[in-house]
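In: how does the following fold in three dimensions:
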Amino acid sequence: MEENIQKSSFSFEGYKILKSSFEKKENPEGKEITLGFNPKGKIYKSQSKFELEIEFNAKDENDSFEVNIKATAFYTFKNVHFENNEISSIFLVNAPAILFPYIRAYISTLTALSGISPVLLPTVNLTGMKDALMSSIVFVD
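Out: All right, here's what the predicted structure looks like:
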């Protein structure tokens with residue numbers, strides 16, 4: 001049975017970890033992990049491309065470890081119109097939500113390969129990042 005499946009107008013093309021650091025001060029035992037995000041975006045209208053850069057940090061309540069990551073994700077889009085440079089939620093909400101699981105997996109692997117128990121970051125609702133990302137997006141062309 002054939003179904004009429006409609007492709008999304010927004011596609012994830014990949015990501016790169018541009019910078020990462022991990023510092024273990026003692027055995028990570030803190031239960032509460034503090035997460036920090038600094039998002040930036042570039043929309044290339046003529047090329048129908050979007051780049052999302054996130055500077056991310058995490059540390060536990062005891063400051064026994066700290067992880068800093070700078071990652072860039074690449075997306076393509078079609079049939080998206082920017083009237084008055086209004087930015088759709090696919091850029092502001094969906095793009096970070098697509099990238100974050102890769103950052104989580106990277107940190108888990110990085111810490112596991114460092115000889116300690118893997119740091120497992122919680123899943124996070126990233127809609128709170130929407131305003132910060134919106135104010136940092138620039139239109140390149």
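In: break down this structure into its strands, ranges please.
Out: For the chain, the strands defined by DSSP state E cover 10-24, 33-44, 49-60, 65-77, 138-139.
In: could you check how far the shortest one is from the centre of its chain?
Out: The gap between where strand 138-139 is centred and where its chain is centred comes out at 18 Å by CA atoms, centre = their mean, to the nearest Å.
In: what residues does that strand touch?
Out: Contact with strand 138-139 is made by Gly41, Lys42, Ile43, Lys45, Phe82, Asn85, as judged by CB atoms under 8 Å, 6 or more residues apart in numbering. To be clear about C-beta, it is placed using only N, CA and C from the backbone, and glycine gets the same treatment.
In: buried only: go through those residues for me.
Out: Neighbour-count burial (16 or more other CB atoms under 10 Å) is assigned, among these, to Gly41, Lys42, Ile43.
In: save the strands of the chain as a markdown table, and put in mean pLDDT and distance to Ala97 too.
Out: Listed next are the strands of the chain as a markdown table, based on pLDDT from 0 to 100; distance: least, CB to CB, whole Å:
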| stretch | mean pLDDT | distance to Ala97 |
| --- | --- | --- |
| strand 10-24 | 94 | 10 |
| strand 33-44 | 94 | 12 |
| strand 49-60 | 94 | 11 |
| strand 65-77 | 95 | 11 |
| strand 138-139 | 93 | 21 |
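In: next, format these as a markdown table and append distance to Ala105.
Out: Output for the strands of the chain, formatted as a markdown table (distance: least, CB to CB, whole Å):
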| stretch | distance to Ala105 |
| --- | --- |
| strand 10-24 | 11 |
| strand 33-44 | 15 |
| strand 49-60 | 13 |
| strand 65-77 | 11 |
| strand 138-139 | 29 |
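In: out of the buried ones among the contacts of strand 138-139, which comes closest to Pro122?
Out: Distance to Pro122 across the buried ones among the contacts of strand 138-139 (CB to CB) is lowest for Gly41, with 24.0 Å.
In: nearest spatial neighbour of that closest one, chain-adjacent residues omitted?
Out: Leaving out its chain neighbours, the residue that sits closest to Gly41 by CB to CB, 6 or more residues apart in numbering is Ile137, at 4.0 Å.
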